[in-house]
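Engineer: model this:
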Amino acid sequence: MTILRTAHTSELTAAELRAARSLLDEAFDGDFGDHDWDHGLGGVHALVHDATDALLAHGSVTQRRVLHAGRSYRVGYVEAVAVRPDRWRQGLGGRVTGALEHVIDRAYDLGALSASDAGARLYLGRGWTEWKGAVGTLGPRGPVTLPDEEPPLLWGADLDPAHELFIDWRDGDVY
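Structural biologist: From the prediction side, this is the model:
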């Protein structure tokens, strides 16, 4: 039996935050840095626990802004999604993603995320789409096109790829 819970960062205890960070470090095999962790804070978390209250899966959605074709959109950006390695391929990633999609559908204009190749299969199978246009960021010195950036996956978006997608600047990985 597993239990899915959603909660804002402010509602999580210090122990829950430590457990989530530990899970992410384990699932990403040490390739999950402090900027990555920071990007996943300040929004709504989806957590799956087992009957003993051990954390099995985690993800979060935080607010970001994108500029597209002269309009600013409020985006639910999915971050810090991971499943404990010994529980992979049991549907837990889908449960977390479903909870985050629910938040996006009710609170944001659209959803976005950057996924690994393995993670992309999960999202594409759920109806996320790959952005086909150019991407950039609204950096400290103005708009910057990022021609080498992997395109994000989008949820609930009907945007024209003839226009660039500029996302707000942040430290670490922009997308």
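
Engineer: Please, where are all the helices along this protein?
Structural biologist: In the chain, helices defined by DSSP state H lie at 14-27, 34-39, 92-107, 117-125, listed in chain order.

Engineer: by contact count, what packs against the first one?
Structural biologist: It stands for helix 14-27. helix 34-39, strand 44-50, strand 55-68, strand 71-83 (3 or more Cβ pairs under 8 Å, 6 or more residues apart in numbering; DSSP states H and E). Every residue, glycine included, has its C-beta placed from N, CA and C.

Engineer: out of the helices of the chain, nearest to Gly172?
Structural biologist: Ranking those by proximity to Gly172 (Cβ to Cβ) places helix 34-39 first, at 2.7 Å.

Engineer: Now do that closest one, average pLDDT.
Structural biologist: Averaged across helix 34-39, pLDDT comes to 97.

Engineer: count of neighbours near Ser116?
Structural biologist: 12 (other Cβ atoms under 10 Å).

Engineer: which residues sit in contact with it?
Structural biologist: Applying Cβ atoms under 8 Å, 6 or more residues apart in numbering to Ser116 gives no contacts.

Engineer: re the thing from before, which among the helices and strands packed on helix 14-27 is found nearest to Pro161?
Structural biologist: Closest approach to Pro161 among these (Cβ to Cβ): strand 55-68, 9.8 Å.

Engineer: Sheet partners, orientation included, of the closest one?
Structural biologist: Here strand 55-68 is paired, per DSSP bridges, with strand 44-50 (antiparallel), strand 71-83 (antiparallel), strand 165-168 (antiparallel).

Engineer: Buried residues in that strand, which are they?
Structural biologist: Leu55, Leu56, Ala57, His58, Gly59, Ser60, Val61, Thr62, Arg64, Val66, Leu67, His68 (16 or more other Cβ atoms under 10 Å).
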